[in-house]
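Participant: below are the sequence and a predicted model for it; my questions follow.
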Amino acid sequence: MFKPKTPYLLGFFLCLILLPGCFPSNHHTKTPQEYAEKDGIKMVARTAGRYLEVYSESTWHRLPVKGVNIGTALPGRWFTEFPANKRIYLEWFEQIANMNANTIRVYTLLDPTFYEALYEFNMRPGGPRLWLLQEIWPDEDVPDGNLYQNTYVENYRQEIARVIDAIHGCADIPERAGRAWGTYRANVSPYLLGLMVGRELLPEEVHSTNEANPEKKEYNGNFIRAGNASASEVWLAAMCDFAVSYSVDKYRWQMPVAFVSWPTLDPLKHTTAYMQGKNPDDAEEINPAHLFPGPKSLGGLFGAYHIYPNYPDFIYRDARYARYTDEQGVFRYGGYLKHFMEVHPPYPALVAEFGMSTSLNTAHMHPEGLHHGGVSEKQQGEMIARMMKTIMKEGYAGGSIFQWADEWAKKTWITEPFMIPYERHIYWHNAMDPEQNYGILACEPPFHPLGSEFDLVWQADHNDQNIISALYAKADAAYLYLMVELTGQRGLELFAKEKELALSIAIDTFGRQNGSNRLPLQGLPALPSGAEFLLQISGSGGARLLARPDYNRSVPKFMSNPGKDPSFIPVRSLVNRRQVSLQDGTIHPEIYADESKLHYDNFDPASTDYDSLSHWFVDDSGRRLYIRLPWLLLNVGDPSSHLVLYDQRPVIPQKDNRIEKNQIGFKKTEGFLFYVAVTIDGKLLDYQPRAGEDFKTGISPYLWPGWDTPSYRTRLKQGYQQVAETFGSIK
């Protein structure tokens, strides 16, 4: 029988005396909350059947986990360059709590400021409390792929001990590379909902570990055990058991402990596994049924799973998942959740990662539109809400959204090769990269009112026959912005399908002799310099950005040789690779994303018409056309230092059909030149800048200011309120 206890000051000071690194002068001494106790072991959280419970007001309460995962890489910083200002964390916690979340999850030990802020936030009288899910991240460099390598195991055990000490406010960690360090004095253990051991183990790591340790089939720990298990499952059980054992021995404290896994390692056999040598997405497994609590476990065990709707492919391809429906129709994600829960042992399963990215482009297509990227901010909120409702419906302990804030330090396989030099990609925001744009909180360059802070690039000579008046440009860490001024209300005709007015903008990004000086417009004279890109806008055809064939990431080619042909072609990216089903030989063809297509709507976040996926729109007067182009779309490898992709090799070296990072050459641009033409029914009406019958020469190129420290702001995305409403409805 658990009995409520309130810690006494004497016990607290005894703890400080017994635990090295804890000192009364700087350890937070105020008791955060009550706890339960059994046989001298204290607890504030435990598992109960399929759910997690927390202790308050002298009793246990079920806690449906409504969580969000926190990454701390602010713009211009890497993952372990933590925010130094406690105010940032406190603002985040306030916004997260106002979203009706009750839990935050972190992947590794963070800096002391984070835990001090969490302690301070949770100690506020009458305020909402945020529970902590603390993961302990094992190194990704596994010697020989064997998790049992002696040094690897010892290093991970030491990290487990450090993290537990830090959570109890009793750690002094010397400065170290790639990991948090410092003096930890904030005792946040009373807010610890659970420890999470491991990470998304790779199939090859599981395979190598199992092959090297066939004798390891069971583990009989006091707190966590494994039976009829693989060596990898035994390793996870042993590390979980070590974590609880260390906490009990040193602090007389227990908490729930979890192992981390993902669908790639689920125990299900998927009918749509594909032929590609040995299928990496259904070849190995971590079976939750092989891990279970030991006889001295009070906090219990749970599984923490990263489950997204768009990867691996079997989540949306297996036929049984397409039979699952909710109030909106077919929902394959729910089908997978239901199937997985059918084989899960009777302890909690937490969806510790799920979410949707608001990047402009997608890295993987899904039949119901739940793509890896390419969804609007409104859709992000709607899709997260739909997934969370299904997670709870299928009996999971809750869900934790990936992630709270956008992180510029992240990368995706389809964009990583083009962010060059790679070590500078933290200084700019790749709006086309899905991994950089999962946040509920946008981290973006400051947005100034449209029409302000534009630089005049050129102005047309006054002529009553002119349709094009001027072109302006400005740039920030995410986009190149253009503003084209037109006479009359010509701009309104650009999206009127009954009109055949069309506008073209040729963009010369570097090397005045590179690119083509001819555009596919009848009667248009030669350009004074060569263009790499052609932007076309019309009411009937919409808008698209085309690239020269030899300067097109689709190919991939990055030469942009001098040319006089008017050839510009679409930019596409391979997002779903060709696969063949192991079961019946069904061929799943390649799928390409059309990166050339540009979306119409207002991209001013302050506008009621704001659409986060938009590239262009015309103002109400019909005189001003606004365009924003993400840097990568223009083959800019690093806008902060004016570097564009340029590689004269006819073939770029690849590994496993992919270009690796920092393999493509680059050069510094002298600035961009822009040439604009307007036609109606194919007939040329105007082109600028011009001098008589020809384009004007000697126009200065537009070169934006570079930077080494990016400016940014934060903004709650449009889906925030939808998530808040959904979380608020879950009791």
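Facilitator: The structure has been received and is ready for your questions. Just so we're clear, the structure is a prediction, and the values are computed from it rather than from any experiment.

Participant: which stretches in the protein count as helices?
Facilitator: Defined through DSSP state H, the helices belonging to the chain, from first to last, are 9-18, 86-98, 112-122, 150-167, 203-212, 231-251, 314-317, 332-343, 377-393, 720-729.

Participant: how far does the fourth one sit from its chain's centre?
Facilitator: From the chain centre to the centre of helix 150-167 is a distance of 27 Å (CA atoms, centre = their mean, to the nearest Å).

Participant: now swap in the second one and tell me
Facilitator: Between the centre of helix 86-98 and the centre of its chain there are 20 Å (CA atoms, centre = their mean).

Participant: likewise for the last one?
Facilitator: Distance of helix 720-729 from the chain centroid (CA atoms, centre = their mean) equals 20 Å.

Participant: using PDB, write out every CA atom in that helix.
Facilitator: Written as PDB, here are the backbone C-alpha positions of helix 720-729 (Å, rounded to 0.1, in the frame of the first residue of the first chain):
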ATOM      1  CA  TYR A 720      -1.500  25.800 -32.800                       C
ATOM      2  CA  GLN A 721      -5.100  26.600 -31.800                       C
ATOM      3  CA  GLN A 722      -6.400  23.300 -33.400                       C
ATOM      4  CA  VAL A 723      -3.800  21.300 -31.300                       C
ATOM      5  CA  ALA A 724      -4.800  23.300 -28.200                       C
ATOM      6  CA  GLU A 725      -8.500  22.500 -28.700                       C
ATOM      7  CA  THR A 726      -7.800  18.800 -29.300                       C
ATOM      8  CA  PHE A 727      -5.500  18.500 -26.300                       C
ATOM      9  CA  GLY A 728      -8.100  20.300 -24.200                       C
ATOM     10  CA  SER A 729     -10.800  17.800 -25.200                       C
END
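
Participant: would CSV of the helices of the chain with mean neighbour count be doable?
Facilitator: C-beta: built from backbone N, CA, C; applies to glycine. CSV is the format used below for these (neighbours: other CB atoms under 10 Å):
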stretch, mean neighbour count
helix 9-18, 13
helix 86-98, 18
helix 112-122, 22
helix 150-167, 18
helix 203-212, 18
helix 231-251, 23
helix 314-317, 23
helix 332-343, 20
helix 377-393, 21
helix 720-729, 18
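
Participant: out of the ones you listed, nearest to Val106?
Facilitator: Proximity to Val106, assessed across the helices of the chain by CB to CB, is greatest for helix 112-122 (7.5 Å).

Participant: which residues touch the closest one?
Facilitator: The contact list for helix 112-122, computed with CB atoms under 8 Å, 6 or more residues apart in numbering, reads 28, 32, 72, 82-86, 89-90, 93-94, 97, 104, 106, 127, 129-130, 132, 166-167, 169, 180, 182-188, 191.

Participant: and Ala547, what's its pLDDT?
Facilitator: Confidence at Ala547, expressed as pLDDT, is 98.

Participant: report the contact partners of it.
Facilitator: Taking CB under 8 Å, 6+ apart, we find Ala547 in contact with Glu532, Phe533, Leu534, Arg553, Ser554, Phe568, Ile569, Pro570, Val571, Ser596, Asn635.

Participant: how about the strands of the stretch 401-550 of the chain, start to end?
Facilitator: With DSSP state E, counting those that start in this stretch as the definition, the stretch 401-550 of the chain shows strands at residue ranges 441-444, 455-459, 468-475, 479-486, 501-508, 515-516, 533-538, 542-547.

Participant: check those strands for me and report the most buried one.
Facilitator: Counting by mean count of other CB atoms under 10 Å, strand 515-516 has the highest mean neighbour count of the strands of the stretch 401-550 of the chain, with a mean of 28.

Participant: and that one, how far out from the chain's middle?
Facilitator: Mean C-alpha position of strand 515-516 versus that of the full chain (CA atoms, centre = their mean) differs by 36 Å.

Participant: same check on stretch 371-390?
Facilitator: That offset, for stretch 371-390, works out to 13 Å (CA atoms, centre = their mean).

Participant: kindly format the C-alpha coordinates of that stretch as CSV.
Facilitator: Taking only C-alpha atoms (Å, rounded to 0.1, in the frame of the first residue of the first chain), the coordinates of stretch 371-390 have been written out as CSV:
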residue,chain,number,x,y,z
HIS,A,371,3.1,13.8,-46.7
HIS,A,372,6.6,14.2,-45.3
GLY,A,373,6.4,18.0,-45.7
GLY,A,374,4.4,20.1,-48.1
VAL,A,375,1.4,20.6,-45.8
SER,A,376,0.2,24.1,-44.7
GLU,A,377,0.2,25.3,-41.2
LYS,A,378,-3.6,24.9,-41.0
GLN,A,379,-3.3,21.3,-42.3
GLN,A,380,-0.6,20.6,-39.8
GLY,A,381,-2.9,21.4,-36.9
GLU,A,382,-5.8,19.4,-38.4
MET,A,383,-3.6,16.4,-39.2
ILE,A,384,-2.0,16.3,-35.8
ALA,A,385,-5.4,16.6,-34.1
ARG,A,386,-6.7,13.7,-36.2
MET,A,387,-3.7,11.5,-35.3
MET,A,388,-3.9,12.4,-31.6
LYS,A,389,-7.6,11.5,-31.5
THR,A,390,-6.9,8.1,-33.1
